[in-house]
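In: Sequence plus predicted model, see below.
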Amino acid sequence: MAQTETEIVQGIGSDYAIKYGFHVPEDYFFKSGRGLSHELVDAISSHKSEPDWMRKFRHRSLDYFLARPLPTWGGDLTGIDFENIYYYIRPTEKQAESWDDLPPDIRDTWDKLGIPEAEKKYLAGVGAQYESEVVYHKLQADLAAKGVVFLDMDSGLREHEELVKQYFGTIIPQNDNKFAALNSAVWSGGSFIYVPPGVAVEMPLQAYFRINAENMGQFERTLIIVDENAYVHYVEGCTAPIYSSDSLHSAVVEIVVKKGGRCRYTTIQNWSNNVYNLVTKRAVAYEGATMEWVDGNLGSKLTMKYPAIWLLGEHAHGEVLSIAFAGAGQHQDAGGKCVHVAPNTSSVITSKSISKNGGRAGYRGLLEVAKGAKNSKSKVVCDALILDEDSRSDTYPYIRIDENEVDIGHEATVSKIGEEQLFYLMSRGLSEAEASAMIVSGFVEPITKELPLEYAVEMNRLIQLQMEGSVG
Amino acid sequence: MARLELRNLHVALEDGTEIVKGVDLAVASNEVHAIMGPNGSGKSTLAYALMGHPGYEITEGQILLDGEDLTEAGADERAQKGLFLAFQYPYAIPGVTVTSFLRSAINAIRKARAGGVDDPVPVPEFRKELFAQMERLKVSRELASRYLNDGFSGGEKKRVEILQMAMLKPRIAVLDETDSGLDIDALKIVAAGVKELVGPSMGALVITHYQRILNYIEPDFVHVFVDGEIAEEGGPELAHELERTGYAKWEKEKETV
């Protein structure tokens, strides 16, 4: 392989550029100025004609954000220029229910990303967020008839204010952390989902988040309520153009899974390498409920994200499956948290991280068992694969157990791709890059096999893309 | 017709230690050659070097396949050109099923042969062929969906090596100690599988310590390999002689030199 390291890294970028990294002209209904202020918060709230309680919630959140210091753990956040970010862009005046009703540039973007095609084939509903607003939204009619609500968060607030008011900011308080406070101040878009008792949504609901403008800040806000014995699988994907200066994505996702319900939340995060991705995700699971986070982080400059599950009812079960892939210039600080509050609860955290070309991927997790959560069971497995000498892997497994009658297991491995494994595969005709990609796909297979076929294929394709020409 | 030719091949380890000290050998399709030698004679090094293992350096000489010089080629290119090595100790690839691995390997070879253009094997055709070969080699169907060599018994690994050979259809196959770890029934099946493939489009080089496998794959030529060199060559009768006398004769000669 004659390519130099630089060519290879550029090669990866250009591939991303063609498939996802493009941008289209801005012809927007409204674009705020740069920077953050109470005036901006007012402007956002006015644009959305929000109730007064939400306006106040936003202002208070901004105060919390301004008062809190920047975290010094995890990744390096000092590069974020909060004054240079556009906090609110409303691309279109009205949300569309047909792709054809979107402005041509925006519609072409979705076509290139394959969202309308996917909707036809295997999705029960789609929300497509472009900059700050969900520009397209649709749910299958039969699900709507069963009482399933799948809206963008703004419409959710308008149409189901009491339900939103009951839960919004209760799972993740507005002052939970600096970035949750920021989101609470300037949130826009995201999904609101309610699944009535006993209703199983068989096909996934998908949200797709797209940043187009340079120095964009995207702050979607999602609230999912799965009622008793109901089921939903929500999938989110995201991409952005490649710019030389940074963008910020900071979401808050709150989930309530009631007695006997089940929620699976899958993320395939593929932001361009100039996006800071700082996300707070937390779910509560009541008696006999199951919550599953499947979290794939392949893109972004820095990701700090640790999806959490609070097991509040007996026999609740939580799972976090996390894949983090860090290439050149990337830092993935990912992981998961499970907090056992009730007896007879169980959790599994499986983390697979891969680093290459100087990338840094890590697992940061918390397992906590409160006093009285007797017979709780938990297993944490974190495996790291390091592809070259320049790359780094970290593991920070925090465990706090305040109950004696528990069954806790923790395993961690770090491995490198063996020369012998590579030789074996290459002796069957695979190139070095193909052989490495195959070993990596195998490494993450315990997680990709949990995905619906289309997403497993997508995940493997993205890994392939990350791996292409990555070895010289 | 395929023809693998080694000309004065010298192979050294990364630290410079010479292991293979000048081997001349030609294997053509329709032919079965046996390389027989004691432990530590450098047989496996020869096999690895033939396949292009980066840890073994060819310090002198040439490897030619159908006249094309592959001395500097990587393992992937050698495989694409039609060389195959059945490993003595196959490696496990967790998370990758036998089926998906085989399909990727076949498609990689097809792509190389199509001049770098994707030319994937149609899935029904692939499956039909895979199941037919598995049947022939008595590999249980269940193995196809298991992870490659992950938790396989010694016998399963060896059978899957031969299955790979049957699927990839090399021009010249090198079998490194394929008989080790096989019971007699498995050995018969594996040997029959190899014999079936040897013909106008494939020749085989069987590397072994014992004569046992040669009872089932009758070699046309036997090369006695001692201390990195071919010490004697002959027909199948040489293998039987070795079975009686062992390698002492040649090893002694070496010591007195």
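Out: Received, thanks.
In: Enumerate every residue touching residue 85.
Out: I'll assume chain A. A:Arg34, A:Gly35, A:Leu36, A:Asn215, A:Met216, A:Gly217, A:Ser247, A:Leu248 (C-beta atoms under 8 Å, 6 or more residues apart in numbering or on different chains). C-beta: built from backbone N, CA, C; applies to glycine.
In: Chain B is the one I meant
Out: A:Ser427, B:Ala47, B:Tyr48, B:Leu50, B:Met51, B:Ala173, B:Val174, B:Leu175, B:Asp176.
In: which intervals of the stretch 151-257 of chain B have sub-threshold pLDDT?
Out: Scanning the stretch 151-257 of chain B for pLDDT under 70 picks out B:252-257.
In: right, I mislabeled it, should have said the stretch 1-150 of chain A
Out: A:1-14.
In: repeat that with 80
Out: A:1-15 (pLDDT under 80).
In: CA atoms only for stretch A:237-251, dumped as PDB, please.
Out: Backbone C-alpha positions of stretch A:237-251 (Å, rounded to 0.1, in the frame of the first residue of the first chain) are rendered in PDB as follows:
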ATOM      1  CA  GLY A 237     -29.200   9.000  12.900                       C
ATOM      2  CA  CYS A 238     -27.200  12.100  12.300                       C
ATOM      3  CA  THR A 239     -24.700  13.700   9.900                       C
ATOM      4  CA  ALA A 240     -23.300  17.100   9.100                       C
ATOM      5  CA  PRO A 241     -21.200  18.800   6.500                       C
ATOM      6  CA  ILE A 242     -17.400  19.100   7.000                       C
ATOM      7  CA  TYR A 243     -16.400  22.600   8.000                       C
ATOM      8  CA  SER A 244     -13.100  23.900   9.200                       C
ATOM      9  CA  SER A 245     -14.700  25.500  12.300                       C
ATOM     10  CA  ASP A 246     -16.800  23.700  14.900                       C
ATOM     11  CA  SER A 247     -20.400  23.000  15.400                       C
ATOM     12  CA  LEU A 248     -22.200  22.000  18.600                       C
ATOM     13  CA  HIS A 249     -24.800  19.300  19.100                       C
ATOM     14  CA  SER A 250     -26.200  19.000  22.600                       C
ATOM     15  CA  ALA A 251     -29.400  17.000  23.000                       C
END
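In: Could you pull out the helices in the stretch 151-257 of chain B for me?
Out: B:154-168, B:184-197, B:236-245, B:248-256 (DSSP state H, counting those that start in this stretch).
In: which stretch among these comes nearest chain A?
Out: helix B:154-168 (6.6 Å; C-beta to the nearest C-beta).
In: List the buried residues of that closest one.
Out: B:155-168 (16 or more other C-beta atoms under 10 Å in any protein chain shown).
In: now do stretch A:120-133
Out: A:Leu123, A:Ala124, A:Gly125, A:Val126, A:Gly127, A:Ala128, A:Gln129, A:Tyr130, A:Glu131, A:Ser132, A:Glu133.
In: Nearest to A:Asn460 among those?
Out: A:Leu123 (19.5 Å; C-beta to C-beta).
In: So which residues on the stretch 51-200 of chain B come close to chain A?
Out: B:51-55, B:74-76, B:78-80, B:84-85, B:87, B:90-91, B:93-96, B:101, B:104-106, B:108-109, B:112, B:147, B:164, B:168 (C-beta under 8 Å from any C-beta of the partner chain).
In: Whichever residue of chain B sits closest to chain A and A:Asp295, how far apart?
Out: For chain B, the residue closest to chain A is B:Gly95, as judged by C-beta to the nearest C-beta, at 2.8 Å. Distance, B:Gly95 to A:Asp295, by C-beta to C-beta, to the nearest Å: 18 Å.
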